[in-house]
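Novice: Task: produce atomic coordinates for the following.
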Amino acid sequence: MTIKPTRLTVVDALRGFSIVAIMLLHNIEHFDVYFLAQNLPAWMVSVDKIIWDTLFFLFGGKVYAIFALLFGLTFFIQSDNQEKKGFDFRARFAWRMLLLLVFGFINSMFYQGDILTLYALVGFFIIPFAKLNNKWVFLFATLLMLQPFEWFKFISAAQHPDVLIADPTSWSYFGKMWEYIPGKSIVELWIGNLSNGRKATLLWFWENGRVLQTLSLFLFGMLAGRKSLFNLNNSNKKFWQRSLLIAALAFVPLFIIQKNLGNWIESKAMLGPLSIIETSWLNMSFMMILVSGFVLLFHTKIFSKILNVFSPMGRMSLSNYMIQSIIGSFIYYGYGLGLYKTTGSTYCLFIGISLAILQGLFSTWWMKTHKHGPLEYLWHKATWVKIK
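Specialist: You can find the predicted model right below:
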């Protein structure tokens, strides 16, 4: 009787931790405006680089992977709850993904790097796997994580290593963002983000293997739910200890390969797809280090109380994610304060920490009197609307 609330708490806390990490990353990126501030003292430029490298080493490409893993877990929990009541959740989940597309559309107006749209689109593809047994789900999840399209491109390039490779298509669209993000008009920002920005981001997701990786993580998250791996018991504790060890052992050679891959392979045609494959695996291994470490710390009384601070933020992660986009765009974009021109990573880190604290306080206050976050409530109500 006490296992389920504990399990939900660790998942909420892990999701809240990811929200904070995303907040810090988005801030040092100026919410996708990659601009080096001028006239900063030399010591601050050095500190900026350390902060940038450290945060991206710890969280870049990893926290979105955690979200994807927990997305699949949530799909299982909702499906399982409905199955116990005698209902099939798949059609309702498809409707839920359409609603998430709407949230993604709104979020994209302010922040072109929105991830909700990708999750909604890829989310439809988890539905056919809902009734497959664990072996088949694991097989498909592993196959997707291997990045088969990139291997096909690598093998093709190996046969013609000297072929000239064009720049990724997304680059041309990202270059056009300077036509509307620095401007003073929020309407032009919305139009630019929803047209040019959406193309840039979705193409970038595909070109960098994020689409297949995301579906893979959805499936692994669903399997974690089927196996009840987030229940806090001794058996699962051993699983997460083994996962931490395996992930750490895998990360070391993958990190060495990443640092030397460019020296080992001269052909850009071969290097491109191989780098995407290697980065995908590297992020997966470090993501498992973060998740395993977080869950193991949650098994201890002292750290569970500390980490539980993130739970309110995790319970309303959709609201917090979209609030980040709105506030962040106002702080850094031209229609607002335009701070992308004057702030380096050091300033942005302090801004991000301050915003994370404010979101944490707001989330804690809100969840004391509400079952769902503001947008979570709308999503829940719209999901279960009755069609006559």
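Novice: residue contacts, residue 205?
Specialist: Shown in contact with residue 205 (Cβ atoms under 8 Å, 6 or more residues apart in numbering): 118, 211, 214. Backbone N, C-alpha and C define where each C-beta goes, glycine included.
Novice: now the last one: how far from residue 306?
Specialist: According to Cβ to Cβ, to the nearest Å, residue 214 stands 30 Å off from residue 306.
Novice: Among the two, which residue is more densely surrounded?
Specialist: Applying other Cβ atoms under 10 Å to residue 214 and residue 306 shows that residue 214 carries more neighbours, namely 27 against 12.
Novice: How about residue 334, nearest residue that isn't a chain neighbour?
Specialist: Nearest non-adjacent residue to residue 334, counting by Cβ to Cβ, 6 or more residues apart in numbering: residue 182, 4.1 Å away.
Novice: Tell me the spacing between that neighbour and residue 340.
Specialist: According to Cβ to Cβ, residue 182 and residue 340 sit 8 Å apart.
Novice: Return every residue with contacts to both of these two.
Specialist: 33, 333.
Novice: Mind checking which of those two has more residues around it?
Specialist: Taking other Cβ under 10 Å, residue 182 and residue 340 do not tie; residue 340 has more neighbours (23 against 16).
Novice: residue contacts, residue 322?
Specialist: Per Cβ under 8 Å, 6+ apart, neighbours of residue 322: 103, 106-107, 375.
Novice: In stretch 100-107, which of the residues would be classed as buried?
Specialist: 100-101, 103-104, 106-107 (16 or more other Cβ atoms under 10 Å).
Novice: contacts for that stretch?
Specialist: 114, 116-121, 123, 194, 318, 321-322, 325, 375, 379.
Novice: Also stretch 178-193?
Specialist: Here stretch 178-193 has contacts from 32-33, 108-112, 176-177, 196, 329, 333-335, 338, 340, using Cβ under 8 Å, 6+ apart.
Novice: Which of those has the largest number of neighbours?
Specialist: Most surrounded of the contacts of stretch 178-193: other Cβ under 10 Å gives residue 112, at 28 neighbours.
Novice: tell me the SS of that one?
Specialist: Put simply, residue 112 is coil when judged by DSSP: H, G, I helix; E, B strand; the rest coil.
Novice: Relative to residue 132, how far out is it?
Specialist: Taking Cβ to Cβ, one finds residue 112 at 35 Å from residue 132.
Novice: ditto for residue 336
Specialist: The gap separating residue 336 from residue 132 is 47 Å, by Cβ to Cβ.
Novice: what about those two, which has more around it?
Specialist: residue 336 (17 against 14).
Novice: tell me which element that one falls in.
Specialist: Assessed by DSSP states H and E, residue 336 sits outside every helix and strand.
Novice: I'd like to know how many residues surround the closest residue in space to it that isn't next to it in sequence.
Specialist: Of all residues not flanking residue 336 in the chain, residue 330 sits nearest, at 3.6 Å (Cβ to Cβ, 6+ apart). Residue 330 is flanked by 16 other residues according to other Cβ under 10 Å.
Novice: Which pLDDT value goes with residue 330?
Specialist: pLDDT, residue 330: 97.
Novice: which residues touch the nearest residue to residue 10 once chain neighbours are set aside?
Specialist: Spatial nearest neighbour of residue 10, chain neighbours left out: residue 298 (4.6 Å); criterion: Cβ to Cβ, 6+ apart. The contact partners of residue 298, by Cβ under 8 Å, 6+ apart, come to 9-10, 13, 232, 304, 307.
Novice: any idea which of those is least confident?
Specialist: residue 232 (87).
Novice: helix or strand for that residue, which one?
Specialist: Residue 232 belongs to no helix or strand, assigned by DSSP H and E.
Novice: where in the stretch 251-388 of the chain is pLDDT low?
Specialist: Scanning the stretch 251-388 of the chain for pLDDT under 70 picks out 387-388.
Novice: Ranking by neighbours, what's the top pick from the contacts of residue 298?
Specialist: Counting by other Cβ under 10 Å, top hit in the contacts of residue 298: residue 13 with 25 neighbours.
Novice: Show the contacting residues for the spatially most central residue of the chain.
Specialist: What sits nearest the mean C-alpha location of the chain, by Cα atoms, centre = their mean, is residue 64, with 1.5 Å. Contact partners of residue 64, counting by Cβ under 8 Å, 6+ apart, are 22, 115, 210.
Novice: Please identify which of these is nearest to residue 54.
Specialist: For the contacts of residue 64, the minimum distance to residue 54 (Cβ to Cβ) is 15.6 Å, reached by residue 22.
Novice: and the closest residue to the closest one other than its chain neighbours, how far is that from residue 210?
Specialist: Spatially, and ignoring its direct neighbours in sequence, residue 22 is nearest to residue 63 (5.4 Å; Cβ to Cβ, 6+ apart). Note on residue 63: its distance to residue 210, by Cβ to Cβ, is 13 Å.
Novice: what number of residues lie near residue 374?
Specialist: 14.
Novice: Pull the number of nearby residues for the closest residue in space to it that isn't next to it in sequence.
Specialist: Residue nearest to residue 374 in three dimensions, not counting chain neighbours: residue 319, with 5.1 Å by Cβ to Cβ, 6+ apart. A count of nearby residues for residue 319, using other Cβ under 10 Å, gives 24.
Novice: Hmm, residue 319 is touching residue 378, no?
Specialist: No: counting by Cβ atoms under 8 Å, residue 378 is not a contact partner of residue 319; they are 9.4 Å apart.
Novice: so how far is residue 222 from the closest residue to residue 227 other than its chain neighbours?
Specialist: Of all residues not flanking residue 227 in the chain, residue 134 sits nearest, at 7.9 Å (Cβ to Cβ, 6+ apart). Residue 134 sits 9 Å away from residue 222, going by Cβ to Cβ.
Novice: who's more crowded, those two?
Specialist: Comparing residue 134 with residue 222 by other Cβ under 10 Å, the one with more neighbours is residue 222, at 27 against 11.
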